[in-house]
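Chemist: Sequence first, predicted model second:
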Amino acid sequence: MILSIESSCDDSSIAISEIATKKLVYHKKISQELEHAVYGGVVPELASRLHAEALPKILEECKGWFGQLKAVAVTNAPGLSVTLVEGVTMAKALSLTLDIPLIGVNHLKGHIYSLFIEQETQFPLTVLLVSGGHTQVIEVESLDRMETVMRTMDDSFGESFDKVAKMMGLGYPGGPVIEKLALEGDRERYPFPIPLQKRGEMAFSYSGLKNAVRLAIEEGSSEDYPDIAASFEHIATEHLFRKLRKYFKTRPPERFAIVGGASANRYLRGRIEELLAPYGADLLLAQLQFCSDNAAMIGRIAVDLYGEKSFTPIGELHSAPKSDF
């Protein structure tokens, strides 16, 4: 079995995956949302301190499997440096104590493998990754061949939801709050501008839309919030889909997936079939419980990395706040 650790942001998580069957034997996640909600967003130093408390408590429940562990995997990039180091330090200690190899895991690749928890991989694959820190399109040929072909120029899709919620004084995390509020609103009331509509860049941008929403909030009242939320969610999603349609003209998808914490948004999920219908592409979606950061996805990719004997020497395992593939 492989024990995996995730601490890239504000979720403390540990999982145990069986190598031969890819079965998820154990998985636990402790969220810090309530602690950070007071500040309207993640406070890195607080997150680090909470990881230092939560991870050992979760690990205590895993001791019964220590004798069956063949490796320990850990997210080491990208993420918050002060939180990544908590998981990396624990992984190194386990590697030395149990005399088992280390597997450093790229967090973005982990999100892609959230599609395949307890399943076989299905490549090649075109992936839209939407989260609080990332919005990008990735062409995935295999475990070792992944290329980012589009990314955001500023704010991410998930980050824009958090910021809109903060402007409305609705707390953190903003994604679920805006999604729920939007169900009560009129998506057509506010004709917010679609970002980069008249520009040819194969990229995403949310700073202009965020500013337009800010002006609507300042000019309106709390009674307008459902309509503002609904209109914002609609345009934020429409921007993604318009850029994807343009990309698909040059590279039609055969198999498509949306991953990342923001991929749990039901409005986004509900419109995917509309996007893919002209191409007859297969759609892959992760289970809702595995959309946000979790150790189960880290364990799933670690199983494949273990099969390739892709281990990380302990002296070379470092936390890297910024990293692509």
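Modeler: Alright, I've got the coordinates. Numbering: from 1, shown residues only.

Chemist: which ones are touching the nearest residue to S8 once chain neighbours are set aside?
Modeler: Distances taken as Cβ to Cβ, 6 or more residues apart in numbering place G79 nearest to S8, at 2.9 Å, with adjacent residues excluded. (C-beta placed from N, C-alpha, C; glycine too.) Contacts for G79 (Cβ atoms under 8 Å, 6 or more residues apart in numbering) come out as S7, S8, C9, H107, S319, P321.

Chemist: where's G79 relative to Y279, distance?
Modeler: Distance, G79 to Y279, using Cβ to Cβ, to the nearest Å: 34 Å.

Chemist: I figured V177 hits K166, correct?
Modeler: No - applying Cβ atoms under 8 Å as the test, V177 and K166 come out as separate, 9.9 Å apart.

Chemist: In terms of packing, which of these two has more residues around it?
Modeler: The neighbour comparison of V177 against K166 (other Cβ atoms under 10 Å) goes to V177, with 19 against 15.

Chemist: contacting residues around the strand or helix carrying that one?
Modeler: V177 is part of helix 174-182 when elements are defined by DSSP states H and E. By Cβ under 8 Å, 6+ apart, the residues outside helix 174-182 that reach it are 132, 158, 161-166, 170-171, 225-226, 229-230, 232-234, 261-262, 264-267.

Chemist: Send over it as CSV, restricted to the C-alpha atoms.
Modeler: Output of helix 174-182 as CSV, limited to C-alpha atoms (Å, rounded to 0.1, in the frame of the first residue of the first chain):
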residue,chain,number,x,y,z
GLY,A,174,-17.1,31.8,-2.0
GLY,A,175,-17.8,29.1,-4.6
PRO,A,176,-20.6,27.2,-2.8
VAL,A,177,-22.1,30.5,-1.5
ILE,A,178,-22.3,32.1,-5.0
GLU,A,179,-23.6,28.9,-6.5
LYS,A,180,-26.4,28.6,-4.0
LEU,A,181,-27.3,32.3,-4.3
ALA,A,182,-27.4,32.2,-8.1
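
Chemist: can you tell me which helix in the chain is longest?
Modeler: helix 225-250 (DSSP state H).

Chemist: elements contacting it?
Modeler: Under the contact definition 3 or more Cβ pairs under 8 Å, 6 or more residues apart in numbering; DSSP states H and E, helix 225-250 sits against strand 125-130, strand 135-142, strand 145-151, helix 157-167, helix 174-182, helix 207-219, helix 266-270, helix 272-276.
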